[in-house]
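> Quick one, fold the following:
(one chain, ligands or ions: 1)
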Amino acid sequence: MNPTRNNPQFSIARRRVLPALVAVAVALAFAVPAHAQQKVKVGLMLPYTGTYAQLGVAITNGFKLAIEENGGKVAGREIEYVTLDDESDPAKAADNANRIVNRDKVDVLVGTVHSGVQAGMVKIARETGVLHIIPNAGLDAATGPLCAPNIFRTSFANGQTSYPMGKVLAERGVKNVVTLTWKYAAGDESVAGFKDAFTKGGGKIVKEMTLPFPNVEFQPLLTEIAALKPDAVYVFFAGGGAAKFLKDYQAAGLKGKIPLYGSGFLTDGILEAAGDAAADIETTLHYGDAIDTARNKAFRAAYAKAYKIDPDVYAVQGYDAGLLFVAGMNAVKGDIANKKGMIAAMEKAQIDSPRGKWTMSSAHNPVQDMYLRKVSGKENKVTGVAVKALDYPPADRCKMGG
Ligand code: BEZ
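Model prediction:
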């Protein structure tokens, strides 16, 4: 016989304590962690004015669409957006990034478009350790010598989009090319990537021409190209400046006479503005409007419905930045303070993108197919894959955490 069991005082205590213990256990089981009730602050530092304004808007739209398709939340947490117009001005970049990280206290810093501004953002991301997703700027160093565990890119490295064009032209037996670009990191690195593949394949660069960003006084340069009579011209321009360049090339009488090529930024998002000046232009890029997959068609339909405009490569990159963020947040159940867990999940993520599925290189840059495209009507039609699963410049230049 158990003396304690038969003790009436014990029975009363048991009757009182047990329900209380059950209540505590139930409460613990359904407890909502403190972070779940707080909004996640997403900082969008992008150009909303100037030549690249349209690119910044497309990235913003794409990011927000990915979140909307996820129920408007990430891992159950609501989102608060903090937007900042970086004006594509490198001189203001570090101060702007510092303000949005340290004053506005964003949880994740998304941006930007312009490689010069990107350099300032990378500096602040490295100093503060804030989670940083680059949805366009191709600054090679960001996923090269300046790579860091907290810095990810969902777009491309500048040379990655131009190397395939150099390869294609060399394979076609094109010999003498003039290059022309805005003089800043994106243009320099774009031309370097083109030149790498083109000269390896036997081609020669007869002249490298530049003008300051965002200058659009192309006329004297076009006169010089006409006099040089190269076999072809390779250019890096984007946004409003690209549309103006295509029109000027046609007006100078060069269209159809000296074939013009570029990385796909030359013709992306500007086909309405460029009109028939863009007709038949071939470029290389990691996206094409008319990619014939259910995934791309569903994305294009959803984007057009939400924003009453067709998406372009910038919208896709913003969308993929949203998908990457959702993948990281889901893995840590919304606990963004668990940076190690987020980073590990983002490194492993396979992004089911409208461009096709892609993964992160060890330098946190997409390893992706590079398409050859040709403008047909109001679309960049994919005519082939110029290079499959391209990792360029090679990820081994990045010493993570170094
Ligand atoms: C850049 O500055 O990295 C860039 C800008 C527009 C299109 C592509 C690259």
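> and the next element down the chain from the worst-scoring helix or strand of the chain on mean pLDDT?
Ranked by mean pLDDT, DSSP states H and E, the weakest helix or strand in the chain is helix 8-29, scoring a mean of 59. Next helix or strand after helix 8-29 toward the C-terminus (DSSP states H and E): strand 40-46.
> can you pull the buried residues of that following strand?
40-46 (16 or more other Cβ atoms under 10 Å). Quick note: C-beta positions are derived from backbone N, CA and C, even for glycine.
> Farthest-apart pair in the residues you listed, please.
Spatial extent of these (Cβ to Cβ) is set by the pair Val40 and Leu46 at 18.0 Å.
> the helices in this protein, which residues?
For the chain, the helices defined by DSSP state H cover 8-29, 53-68, 90-98, 115-128, 158-171, 185-200, 219-228, 239-251, 271-274, 294-307, 313-331, 339-348.
> The fourth one relative to strand 40-46, how many degrees between them?
With axes from the mean of the first three to the mean of the last three Cα atoms, to 10 degrees applied, the angle from helix 115-128 to strand 40-46 works out at 150 degrees.
> Which other helices and strands does helix 115-128 contact?
helix 90-98, strand 108-110, strand 131-134, strand 151-153, helix 185-200 (3 or more Cβ pairs under 8 Å, 6 or more residues apart in numbering; DSSP states H and E).
> I'd like the average pLDDT over that helix.
The average pLDDT within helix 115-128 is 98.
> Could you list the alpha-carbon positions for it in PDB?
Output of helix 115-128 as PDB, limited to C-alpha atoms (Å, rounded to 0.1, in the frame of the first residue of the first chain):
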ATOM      1  CA  SER A 115      27.800  48.900 -60.300                       C
ATOM      2  CA  GLY A 116      29.300  52.100 -59.000                       C
ATOM      3  CA  VAL A 117      26.600  52.400 -56.400                       C
ATOM      4  CA  GLN A 118      26.900  48.700 -55.700                       C
ATOM      5  CA  ALA A 119      30.500  49.200 -54.600                       C
ATOM      6  CA  GLY A 120      29.300  51.500 -51.800                       C
ATOM      7  CA  MET A 121      26.600  49.100 -50.700                       C
ATOM      8  CA  VAL A 122      29.000  46.200 -50.600                       C
ATOM      9  CA  LYS A 123      31.300  48.200 -48.400                       C
ATOM     10  CA  ILE A 124      28.400  48.800 -45.900                       C
ATOM     11  CA  ALA A 125      27.200  45.200 -46.100                       C
ATOM     12  CA  ARG A 126      30.700  44.000 -45.300                       C
ATOM     13  CA  GLU A 127      31.100  46.400 -42.400                       C
ATOM     14  CA  THR A 128      27.700  45.800 -40.800                       C
END
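> Next to the ligand, which bits of the protein? Give me the list.
Neighbours of the ligand within the chain, by Cβ under 6 Å from any ligand atom: 113-115, 136-139, 158, 186, 238, 265.
> now do 5 Å
114-115, 137-138, 186, 238, 265 (Cβ under 5 Å from any ligand atom).
> distance between the ends of stretch 380-398?
33 Å (Cα to Cα, to the nearest Å).
> For that stretch, list every residue counted as buried.
Going by 16+ other Cβ under 10 Å, stretch 380-398 has these buried residues: 380-382, 386-387, 390-393, 395, 398.
> ok, back up a step: can you add mean neighbour count and give the helices of the chain back as CSV?
Shown next, in CSV, are those (neighbours: other Cβ atoms under 10 Å):
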stretch, mean neighbour count
helix 8-29, 10
helix 53-68, 23
helix 90-98, 18
helix 115-128, 22
helix 158-171, 26
helix 185-200, 23
helix 219-228, 14
helix 239-251, 22
helix 271-274, 18
helix 294-307, 15
helix 313-331, 26
helix 339-348, 17
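> what's Pro311 in contact with, if anything?
58, 61-62, 299-300, 303-304, 319, 354 (Cβ atoms under 8 Å, 6 or more residues apart in numbering).
> For the ligand, give me its nearest residue in the stretch 1-150 of the chain.
Across the stretch 1-150 of the chain, no residue is closer to the ligand than Ser115, which sits at 3.6 Å (Cβ to the nearest ligand atom).
> so what's the residue of the stretch 201-350 of the chain found nearest the ligand up against?
Residue of the stretch 201-350 of the chain nearest the ligand, by Cβ to the nearest ligand atom: Ala238 (3.7 Å). Counting by Cβ under 8 Å, 6+ apart, Ala238 makes contact with 51-52, 55, 186, 265-266, 268.
> rewinding a little: may I see the helices and strands packed on helix 115-128 arranged in a markdown table, with mean pLDDT as well?
Below are these laid out as a markdown table (pLDDT from 0 to 100):
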| stretch | mean pLDDT |
| --- | --- |
| helix 90-98 | 98 |
| strand 108-110 | 98 |
| strand 131-134 | 98 |
| strand 151-153 | 98 |
| helix 185-200 | 98 |
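> Make TSV out of these and add distance to Pro230.
Converted to TSV, the helices and strands packed on helix 115-128 look like this (distance: least, Cβ to Cβ, whole Å):
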stretch	distance to Pro230
helix 90-98	31
strand 108-110	40
strand 131-134	34
strand 151-153	33
helix 185-200	12
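> Can you name the two of the buried residues of stretch 380-398 that sit furthest apart?
Pairwise distances across those (Cβ to Cβ) peak at 34.1 Å, for the pair Lys381 and Cys398.
> Does Thr83 touch Val42 like I think?
No - assessed by Cβ atoms under 8 Å, Thr83 is found out of contact with Val42, at 9.3 Å.
> Which one of the contacts of Pro311 is nearest to Met209?
Distances from Met209 to those, taken by Cβ to Cβ, are shortest for Ala58, at 28.5 Å.
> how far away is that closest one from Ala386?
Distance of Ala58 to Ala386, computed by Cβ to Cβ, to the nearest Å: 23 Å.
> cool, and Ile351?
Where Ala386 is concerned, Ile351 sits at a distance of 20 Å (Cβ to Cβ).
> can you pull the pLDDT of the closest residue to Leu271 other than its chain neighbours?
With sequence-adjacent residues excluded and distances taken as Cβ to Cβ, 6 or more residues apart in numbering, Leu271 is closest to Lys378, at 4.9 Å. Turning to Lys378, the model gives it a pLDDT of 94.
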